[in-house]
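> Next one to model:
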Amino acid sequence: MIASYGDFLNRKHDSFPDLQTIWIGLQRCQDFVLGVEAQKVVSARRR
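Numbers count the residues shown, from 1 in each chain. Below you'll find the model as predicted:
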């Protein structure tokens with residue numbers, strides 16, 4: 001799943017994802033977490 005965030009397509013003829021693909025996927029996961037945390041802050045201020 002993390003490799004797919006790094007644009008790994010997981011097709012039948014594709015080899016395993018390389019380290020750069022996994023690294024990009026991990027960075028995108030971190031971006032998603034930051035987005036969720038920011039949304040929580042915005043929601044808490046509205047109350």
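> Report all helices and strands that the helix or strand hosting Gln27 contacts.
Assigned by DSSP states H and E, Gln27 belongs to helix 19-46. Identification of packing neighbours for helix 19-46 by 3 or more CB pairs under 8 Å, 6 or more residues apart in numbering; DSSP states H and E yields helix 2-5. Quick note: C-beta positions are derived from backbone N, CA and C, even for glycine.
> can you pull the buried residues of the helix it packs on?
Ile2, Ala3, Tyr5 (16 or more other CB atoms under 10 Å).
> Quick check: nearest residue in space to the second one, chain neighbours excluded?
Taking CB to CB, 6 or more residues apart in numbering as the measure, Ala3 lies nearest to Pro17, with 3.8 Å between them; neighbours along the chain are not counted.
> Assign a three-state SS to the one you found, would you?
Classification of Pro17 using DSSP: H, G, I helix; E, B strand; the rest coil returns coil.
> just to revisit the earlier point, and the helix holding Gln27, what's buried?
Thr21, Ile22, Ile24, Gly25.
> pretty sure the second one contacts Gly6?
Okay, so that is Ile22. Yes - at 6.1 Å, Ile22 counts as touching Gly6 under the criterion of CB atoms under 8 Å.
> quick check, nearest of the buried residues of helix 2-5 to Ala44?
Minimum distance to Ala44 across these is 27.3 Å, recorded for Tyr5 (CB to CB).
> how near is Asp14 to Thr21?
Separation of Asp14 from Thr21 (CB to CB, to the nearest Å) stands at 10 Å.
> ignore the last one, Tyr5
9 Å.
> follow-up on the earlier one: surely the residue nearest to Ala3 meets Asp7?
No - if you go by CB under 8 Å, Pro17 and Asp7 don't touch, sitting 9.3 Å apart.
> Pick out whichever of these two has more residues nearby.
Applying other CB atoms under 10 Å to Pro17 and Asp7 shows that Pro17 carries more neighbours, namely 19 against 11.
> what sits against that one?
Shown in contact with Pro17 (CB atoms under 8 Å, 6 or more residues apart in numbering): Ala3, Gly6, Phe8, Gly25.
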